[in-house]
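Undergrad: what would the 3D arrangement of this be:
(2 chains)
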Amino acid sequence: MAFSAATANFNPLNTPSLRSHDNHLVTSVSPSPFFGSTAKLRLSSSPKFNVHRRSGSVVAVSEAVKEKKPKSTPNLLITKEEGLELYEDMVLGRAFEDMCAQMYYRGKMFGFVHLYNGQEAVSTGFIKLLKQQDSVVSTYRDHVHALSKGVPARAVMSELFGKTTGCCRGQGGSMHMFSREHNLLGGFAFIGEGIPVATGAAFTSKYKREVLKEVDCDHVTLAFFGDGTCNNGQFYECLNMAALWKLPIVFVVENNLWAIGMSHLRSTSDPQIYKKGPAFGMPGVHVDGMDVLKVREVAKEAISRARRGEGPTLVECETYRFRGHSLADPDELRDPAEKSRYTARDPITALKKYIIESNLASEAELKAIDKKIDEVVEDAVEFADESPVPPRSQLLENVFADPKGFGIGPDGRYRCEDPKFTQGTAHV
Amino acid sequence: MAAIFHGVGAAASLSLSPSNSFDSNKSVFSPRRSFSARKGASFAVVRSEGTVNLNLKGRRAQQLISNAVATTADSIDASSSSKPGHELLLFEALQEGLEEEMERDPRVCVMGEDVGHYGGSYKVTKELAKKFGDLRVLDTPIAENSFTGMGIGAAMTGLRPVVEGMNMGFLLLAFNQISNNCGMLHYTSGGQFTIPIVIRGPGGVGRQLGAEHSQRLESYFQSIPGIQMVACSTPYNAKGLMKAAIRSENPVILFEHVLLYNLKERIPDEDYICNLEEAEMVRPGEHVTILTYSRMRYHVMQAAKTLVNKGYDPEVIDIRSLKPFDLYTIGNSVKKTHRVLIVEECMRTGGIGASLTAAITENFNDYLDAPIVCLSSQDVPTPYAGTLEEVTVVQPAQIVTAVEQLCK
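TA: The predicted model follows:
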């Protein structure tokens, strides 16, 4: 297995107790290898690169997933098709977000827009392993989750432009991406709000299997959220319930170290989020979230665990956002040195290198994908531009699934029967 | 005792308290065992001005009480064995409605604290876990926000959950999920996801339950767009509203009242539902429209007896649908009587009565001969002391006075 662990330990950033005075990375936890894999992913052979890496291989803390596997001979982790799929998905995410930034500054979209640049490995690494019927629940940083799950770029861009052809008819916006067809259950503006919803989706999966006797229902739910959310009550309450009932869910923490301007270390008593899993009786895994192949490895096992009915997993992905919290964030608090450290670990560059060095595909093929994605994104913008804005009559549609909920008017008729009221549900 | 009871001509207030009204997961001791043993037993307190409370225990007291609060004019007589339908208590009616819907549709499930093995702190889900299993009647940990959110997620993905708040007040902890997700997700998803959830629980001022257990959440939830709110007040409409709420595709919040669970009534055997958007005509009349809901209905009916004796003819409407208002029934009544009195248990500020006053003024101002009078609870945290608690809520005597003033 060609799986790289530059340093086989996890070192939380700048924690005093773990940092020696001469600035060496100190081993904080002696890692028990996740699946026994100590093989290395060759991302860079330069030693100085390795010294600056904060973390290396995947570390599992819980006993439950300890599987001792012998070291296997190095071979490729992915096939060519898989590699190109992963590459294309990450490039789509990056190009789309960059286009969002452009469009925002040109006044095509407004409000709070949170971009995912730098974190693509997490979305791609996890979501590309899912089936269509599996569910994904995200946060306000949800454009790329939507794209990875299969929502067309056109639909997402239109939604951002507030057009009626958007995936939510323009009614949701950047922070509320939903897709029934692709089982994307949101898009939530408040942090932590989606985690119970994800728990509910996982509950439905279990219910279908055990109560409705759909014996082959093995739908899994992924809940994505950030480091800031891990201090929120809903997170813990759901960890408890998911572990208690062995719900088919994976809790994916996108730890990018910053909650707007609040450093993870300044707000969290124990910054090692993966440790919180075993406290609830589920495995807690830490993974390098800048490395899509490592994320994919971990995701495979976590998702299979859930599918087998063994319950939830907490996966902490150490990642970083290259841009500010949102397009309105001046991003003044983050150390440029920290930023450049992570920019050097750009997941797309890393995967590209891997693909080329493993001879999975040529540079030309990858460039072709780049070009294709550029066209997809351009097309999405054009489509969104040309789409109509929602008419006034759309205002009251979709407030209620059953518009009788607007009540009975003074004339005895249901309000929704009044021609001035509109009714109906979204054209999905 | 019967004489005292039937001779109610003077203003009297009637209150019922179920024996398990002290159940609370927040209390230090939990005298639950003793309560659960007394299945269905309750005590009734008939209070008239100035006299000592009488505690009557046992079923006979219940029969007396139930006659007095009978909702239809023709069920005054006690001998009802020859009539069609079956008699039951309000909490049993809720349970029946819930059970029938769970049998009808396997996607209906219940979630809440102590709904399963315990049978519900007010016994609404009694025996359901044994019948349907632990997953369909799910005992949750004490995490209202999260299990309400879980219910919403389950509703989005195909189930039809009924979430129980052990006391409505606890749902304040779930406000985030109720407001943000329950009410909004159908809209922000552009209509892609429906949330056919029912959120129910007992609220209102009970018998010295203290401030936190005596809250009226209908006033807090009423602004949330995308939800419907209904309040039940009789076994008949409790079962009907429960069934309608479960069958509705919209999220519905069903408000029950702690003191009404042991009301007895004869209800039909056949399947029926009560329309979620309609109000209920309790007593037709000519002189004044009295709009009320939930427990205050009974205070109003007590006052109505006095008023009738004094020569007034009040029209009493139980609005039932707290959001949206049934402006048709209400409007017709206003057009007939030209005088409106609202009697509610919400607080003065920002309650259902305040909204109703605004709605009636907007729509029917031309038909009013006098300003709308709204009697609400005092803007105070409900005190523990019985005497203070009594004056916190609207009493029949106040209703009588208000009508007399209105009809001058």
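
Undergrad: get me the contact residues on the stretch 301-408 of chain B for chain A.
TA: Listed as neighbours of chain A in the stretch 301-408 of chain B under the rule CB under 8 Å from any CB of the partner chain: B:321, B:323, B:324, B:325, B:326, B:327, B:328, B:329, B:331, B:363, B:364. Backbone N, C-alpha and C define where each C-beta goes, glycine included.

Undergrad: now the residues you listed as JSON lines including neighbour count and secondary structure?
TA: Shown next, in JSON lines, are these (neighbours: other CB atoms under 10 Å in any protein chain shown; DSSP: H, G, I helix; E, B strand; the rest coil):
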{"residue": "B:321", "neighbour count": "25", "secondary structure": "strand"}
{"residue": "B:323", "neighbour count": "21", "secondary structure": "strand"}
{"residue": "B:324", "neighbour count": "21", "secondary structure": "coil"}
{"residue": "B:325", "neighbour count": "23", "secondary structure": "coil"}
{"residue": "B:326", "neighbour count": "23", "secondary structure": "coil"}
{"residue": "B:327", "neighbour count": "24", "secondary structure": "helix"}
{"residue": "B:328", "neighbour count": "19", "secondary structure": "helix"}
{"residue": "B:329", "neighbour count": "23", "secondary structure": "helix"}
{"residue": "B:331", "neighbour count": "22", "secondary structure": "helix"}
{"residue": "B:363", "neighbour count": "16", "secondary structure": "helix"}
{"residue": "B:364", "neighbour count": "20", "secondary structure": "helix"}
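
Undergrad: got TSV for the residues you listed, with pLDDT too?
TA: TSV is the format used below for those (pLDDT from 0 to 100):
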residue	pLDDT
B:321	96
B:323	93
B:324	94
B:325	96
B:326	96
B:327	96
B:328	96
B:329	96
B:331	96
B:363	94
B:364	96
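
Undergrad: what is the most widely separated pair among those residues?
TA: Using CB to CB, the pair of those lying farthest apart is B:323 and B:364, separated by 18.6 Å.

Undergrad: hmm, back to that, and which of the residues of the stretch 301-408 of chain B next to chain A is nearest chain A?
TA: Checking those against chain A by CB to the nearest CB gives residue B:324 as the nearest, at 2.6 Å.

Undergrad: ok now do that closest one, which residues does it touch?
TA: A:405, A:406, A:407, A:408, A:415, B:228, B:277 (CB atoms under 8 Å, 6 or more residues apart in numbering or on different chains).

Undergrad: do you have the helices of chain A handy? List them.
TA: Assigned by DSSP state H, the helices in chain A fall at A:47-51, A:80-105, A:120-127, A:143-149, A:153-161, A:194-210, A:233-244, A:264-267, A:276-279, A:292-308, A:336-343, A:347-357, A:363-386.

Undergrad: nearest to chain B: which residue in the stretch 1-150 of chain A?
TA: Closest point on the stretch 1-150 of chain A to chain B, by CB to the nearest CB, is residue A:135, at 6.8 Å.

Undergrad: per-residue confidence for that residue?
TA: pLDDT for residue A:135: 97.

Undergrad: show me what contacts it?
TA: For residue A:135, the contact set (CB under 8 Å, 6+ apart) comprises A:183, A:184, A:185, A:198, A:201, A:202, A:219, A:220, A:221, A:222, B:157.

Undergrad: number of residues surrounding residue 125?
TA: Because you didn't say which chain, this covers chain A. 29 (other CB atoms under 10 Å in any protein chain shown).

Undergrad: think we crossed wires, I meant chain B
TA: For residue B:125, using other CB under 10 Å, the count is 27.

Undergrad: just to revisit the earlier point, lowest pLDDT pick from the contacts of residue B:324?
TA: For these, the pLDDT minimum is residue A:415, 90.

Undergrad: nearest spatial neighbour of it, skipping sequence neighbours?
TA: residue A:406 (4.1 Å; CB to CB, 6 or more residues apart in numbering or on different chains).

Undergrad: with residue B:193 instead?
TA: residue B:156 (4.5 Å).

Undergrad: neighbours around the one you found, how many?
TA: Using other CB under 10 Å, residue B:156 has 29 other residues around it.

Undergrad: for residue A:175, list the residues it contacts.
TA: A:112, A:114, A:139, A:140, A:142, A:187, A:188, A:189.

Undergrad: residues touching the nearest residue to residue A:302 once chain neighbours are set aside, list them.
TA: Nearest-residue entry for residue A:302: residue A:313, 4.0 Å, with adjacent residues in sequence omitted and distances by CB to CB, 6+ apart. Contacts of residue A:313 were listed using CB under 8 Å, 6+ apart, and they are A:65, A:250, A:251, A:277, A:282, A:283, A:284, A:285, A:301, A:302, A:305, A:306.

Undergrad: and the residues you listed as TSV, adding neighbour count and pLDDT?
TA: Output for the contacts of residue A:313, formatted as TSV (neighbours: other CB atoms under 10 Å in any protein chain shown; pLDDT from 0 to 100):
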residue	neighbour count	pLDDT
A:65	20	41
A:250	28	98
A:251	30	98
A:277	26	96
A:282	28	96
A:283	25	97
A:284	26	97
A:285	25	97
A:301	20	97
A:302	27	97
A:305	21	96
A:306	26	96
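
Undergrad: return the member of these nearest to residue A:234.
TA: The closest of those, once distances to residue A:234 are taken by CB to CB, is residue A:251, at 11.4 Å.

Undergrad: who's the closest one bridged to?
TA: Going by DSSP bridges, residue A:251 is paired in beta bridges with residue A:223, residue A:314.

Undergrad: any idea how far chain B is from it?
TA: 13 Å (CB to the nearest CB, to the nearest Å).

Undergrad: now do residue A:416
TA: For residue A:416, the distance to chain B - CB to the nearest CB - is 11 Å.

Undergrad: so where is the chain shaky, pLDDT-wise?
TA: With no chain named, the answer covers chain A. A:1-75, A:422-428 (pLDDT under 70).

Undergrad: that was the other one, I meant chain B.
TA: B:1-82.

Undergrad: how is it carved up into domains?
TA: Listed by the TED database, the domain ranges of chain B are B:85-268, B:280-407.

Undergrad: hey, which of these is tucked in deepest?
TA: Of the domains of chain B, the one with the most neighbours on average (mean count of other CB atoms under 10 Å in any protein chain shown) is domain B:85-268, at a mean of 23.

Undergrad: what about the residue nearest to residue A:415, how many neighbours?
TA: Neighbour count of residue A:406, defined by other CB under 10 Å: 20.

Undergrad: which ones are touching it?
TA: Per CB under 8 Å, 6+ apart, neighbours of residue A:406: A:396, A:399, A:400, A:414, A:415, A:416, A:421, B:324.

Undergrad: nearest to residue B:99 among these?
TA: residue A:400 (27.0 Å).

Undergrad: ok, for the closest one, nearest residue in space, not its chain neighbours?
TA: Using CB to CB, 6+ apart and skipping residues adjacent in sequence, the residue nearest residue A:400 is residue B:250, 5.0 Å away.

Undergrad: over to residue A:173?
TA: Closest to residue A:173 by CB to CB, 6+ apart is residue A:111, at 6.2 Å.

Undergrad: how much space between the one you found and residue A:160?
TA: Residue A:111 is 9 Å from residue A:160, where distance means CB to CB, to the nearest Å.

Undergrad: higher neighbour count, the two?
TA: Counted by other CB under 10 Å, residue A:111 and residue A:160 do not tie: residue A:160 has more neighbours, with 29 against 13.

Undergrad: contacting residues for that one?
TA: Neighbours of residue A:160 in contact, by CB under 8 Å, 6+ apart: A:100, A:103, A:108, A:109, A:113, A:143, A:166, A:173, A:174, A:384.

Undergrad: how about 6 Å then?
TA: Residue A:160 makes contact with A:109, A:174, according to CB atoms under 6 Å, 6 or more residues apart in numbering or on different chains.

Undergrad: ok, it to chain B distance?
TA: Relative to chain B, and taking CB to the nearest CB, residue A:160 is found at 14 Å.
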